[in-house]
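Student: Build me a model from this:
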Amino acid sequence: MEKEQMKELIYFDNAATSWPKPENVYSFMMEFYRATGVNPGRSGFDLAIEAGSLLDRLRLRLTRFFGGDEDAPERLCFGYNATDALNLIISGLLAHGDHVVTTNLEHNSVIRPINHLVRDGGVEATFLPFDGAGFVDPDGVAKAIRRNTKLVIVNHGSNVIGTIQPIAEIGRICRERGVTFAIDTTQTAGVVPIDMKSMNVDVLAFTGHKALMGTTGIGGLCVRKHVHLRQTRAGGTGVESLHPYHLEEYPWRMEFGTPNMLGVASLWAGQDWLDEEGVENIHAREMRLAEQMVTGLREIEGVRLYCCDSLKGHLATFTLNLDGIDAGDVGTMLDVNYNIATRTGLHCAPLVHRQLGTVDIHGGVRFSIGAFNTEDQVSAAVEAVSAIARWGAERRLRASSRA
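Tutor: Next up is the predicted model:
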C-alpha cells in the first residue's frame with residue numbers, strides 16, 4: 001500500500017530536494033559503496049586509493065562544471081551541504097569592523113550567520129530589497145558598497161519566488177570595486193549554467209541533493225585562487241597526523257574529518273546524468289511546465305502569485321496564496337485530498353516574505369517543478385488548486401450569508 005501511494009504522489013517540492021533521482025544515481029551509489037565503501041586518504045591499500053581517486057576526479061569535474069580554476073581543483077572543497085559551506089565562507093571572510101552587502105532574497109543559511117556576526121562579532125550588514133518583479137538592482141549593490149565592505153553575497157536563485165539574479169553584472173561591480181563576491185547556488189546548480197570566471201564570482205556554495213541530483217548530506221564550496229579564506233574549524237584530515245594544527249593547504253583547509261563518500265558517488269553519477277541531458281535542456285523543459293502551470297493558475301479566481309508576471313529570468317519555482325485560506329491549510333488539502341506535495345510556510349527565507357507582506361498570513365504555498373514532472377501532473381495541480389479555491393469561495397459566501 002505504501003509503495004502504491006509513493007507511485008501516485010505528485011511531487012512539487014524539488015526546491016527542498018529533487019525527487020526522484022535519476023536511476024543511474026541510485027545504481028552507481030549502490031555499486032560504488034558495495035565495492036569501494038572505504039575511507040579515502042587514510043590508508044594505502046588499493047580500495048582506499050580507488051575511493052580517493054573518485055574524490056579527486058569529482059573535484060576537477062565540479063570545478064569545470066562551475067567554471068572555477070581548473071589548475072587548482074583542490075579548491076573545490078566538500079562539506080555537508082550549502083549551509084555548511086556558506087558558514088565557512090561568511091565566517092572565513094568577515095571580521096570585526098567589516099561590512100557585508102547581501103539581499104532580502106537570502107535563505108537563513110546566509111541571514112543567520114551574518115546576524116550572528118553583527119550581534120557578536122562587530123560586523124556591519126546591509127540587506128538590499130528586491131524590486132516588484134523579484135530582482136536585485138546591481139546599481140543598488142554598487143551604492144551599498146562602502147570603504148570597509150569585504151563581501152557581497154547573493155542568492156543566485158530564490159527558493160521562494162524563483163527569480164535568478166543578475167550575477168554577472170553584480171560580479172563586475174564587485175571586481176571593479178575590489179570586493180569579494182560570493183553566491184549561493186543551492187537552487188541553480190544543475191539547472192542554470194554557471195561560470196565563475198566570466199561572472200566574476202570569487203566563491204561559490206553548492207548543495208548536492210537538489211538539481212545536482214545527489215544525496216542529502218553532501219555539498220561544498222569552490223574558491224578561486226586569489227581568495228583567502230580563514231580557517232574557522234580544525235580536526236582530522238587523514239594526512240600529516242603529527243602536525244599540531246589543521247593543515248593550511250587546500251582541500252584540507254576547508255575540509256574536516258571523513259568525507260561523505262556515498263554522497264561523492266551520487267554527485268559523480270549526477271554529473272553523468274547532467275552531461276547526458278544538458279543543463280540548458282533541463283531548465284527549458286522545466287520552464288515549459290512552469291509556463292503551463294502559471295498560465296492555468298492565473299485563470300483561477302482568488303489565486304495570488306508573487307513576482308511572476310513574467311517568467312523571464314526565472315526558475316520553475318513560485319509561491320502563491322488563495323484568498324481567505326491559510327497557506328498551511330492549502331498545503332494540507334493538496335496533500336490529503338489530491339496527493340500533491342508542496343512546501344508551505346516561510347521557506348527559511350523570512351525577509352522575502354516580510355517584503356512580500358506574507359509573514360502575517362503564515363507565508364505561502366510553494367510549487368517547485370523538477371526534471372521528472374510531467375504535463376499531466378501540472379494539469380492535476382492546477383485543477384486541485386482550482387477546486388480548493390472554489391471551496392474557499394463557497395465557504396466565504398456561506399459565512400457572509402449567515403452574517
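Student: confidence score at the closest residue to L315 other than its chain neighbours?
Tutor: Among residues not flanking L315 along the chain, G162 sits closest, at 4.1 Å (CB to CB, 6 or more residues apart in numbering). From N, CA and C alone the C-beta is placed, and that goes for glycine too. What the model reports as pLDDT for G162 is 98.
Student: Same check on M6?
Tutor: M6 is given a pLDDT of 46.
Student: before we move on, the earlier item: from what I can see the residue nearest to L315 touches C308, true?
Tutor: Yes: applying CB atoms under 8 Å, one finds G162 in contact with C308, separated by 7.0 Å.
Student: what's the overlap in contacts for those two?
Tutor: 134, 314, 318 (CB atoms under 8 Å, 6 or more residues apart in numbering).
Student: Quickly find the element holding the last one.
Tutor: Using DSSP states H and E, the element containing F318 is strand 317-322.
Student: centroid residue for this protein?
Tutor: T186 (1.8 Å; CA atoms, centre = their mean).
Student: show me the residues around the residue nearest to that residue when sequence neighbours are not counted that make contact.
Tutor: Closest residue to T186 apart from its sequence neighbours, by CB to CB, 6+ apart: A82 at 4.5 Å. Taking CB under 8 Å, 6+ apart, we find A82 in contact with 109, 184-186, 205-207, 219.
Student: How about T374?
Tutor: Shown in contact with T374 (CB under 8 Å, 6+ apart): L289.
Student: re the thing from before, quick one, phi psi at the residue nearest to L315?
Tutor: In terms of degrees, to the nearest 10, the main-chain angles of G162 are phi 80, psi 10.
Student: and it, how many neighbours does it have?
Tutor: 27 (other CB atoms under 10 Å).
Student: separation between it and V110?
Tutor: Per CB to CB, to the nearest Å, G162 is found 17 Å from V110.
Student: before we move on, the earlier item: which of the contacts of A82 lies closest to L88?
Tutor: Lowest distance from L88 to those (CB to CB) belongs to A205, with 8.3 Å.
Student: Enumerate every residue touching the residue nearest to that closest one when sequence neighbours are not counted.
Tutor: Spatial nearest neighbour of A205, excluding adjacent residues (CB to CB, 6+ apart): A85 at 3.9 Å. By CB under 8 Å, 6+ apart, the contact set of A85 is 77, 79, 205-207, 219-221.
Student: With distance to M30 and secondary structure added, can I get these in JSON lines?
Tutor: Listed next are the contacts of A85 as JSON lines, based on distance: CB to CB, whole Å; DSSP: H, G, I helix; E, B strand; the rest coil:
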{"residue": "C77", "distance to M30": "26", "secondary structure": "strand"}
{"residue": "G79", "distance to M30": "24", "secondary structure": "strand"}
{"residue": "A205", "distance to M30": "28", "secondary structure": "strand"}
{"residue": "F206", "distance to M30": "24", "secondary structure": "strand"}
{"residue": "T207", "distance to M30": "22", "secondary structure": "strand"}
{"residue": "G219", "distance to M30": "21", "secondary structure": "strand"}
{"residue": "G220", "distance to M30": "23", "secondary structure": "strand"}
{"residue": "L221", "distance to M30": "28", "secondary structure": "strand"}
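Student: returning to that earlier point: most neighbours, which of the shared contacts of G162 and C308?
Tutor: Ranked by neighbour count (other CB under 10 Å), the shared contacts of G162 and C308 have F318 at the top, with 28 neighbours.
Student: dump the residue contacts of it.
Tutor: 161-162, 290, 294, 305-308, 366-367.
Student: Which ones among those residues map onto helices?
Tutor: Mapping these onto helices (DSSP state H) picks out 290, 294.
Student: How about the contacts made by N155?
Tutor: The contact partners of N155, taken as CB under 8 Å, 6+ apart, are 103, 105-107, 110, 165, 183-184, 186-187.
Student: please redo it, this time with the cut-off set to 7 Å
Tutor: Shown in contact with N155 (CB atoms under 7 Å, 6 or more residues apart in numbering): 103, 105-107, 110, 165, 184.
Student: Likewise for G37?
Tutor: Residues near G37 by CB under 7 Å, 6+ apart: M261.
Student: and the gap between it and G217?
Tutor: G37 is 15 Å from G217, by CB to CB.
Student: same check, this time on V154
Tutor: V154 sits 25 Å away from G217, taking CB to CB as the criterion.
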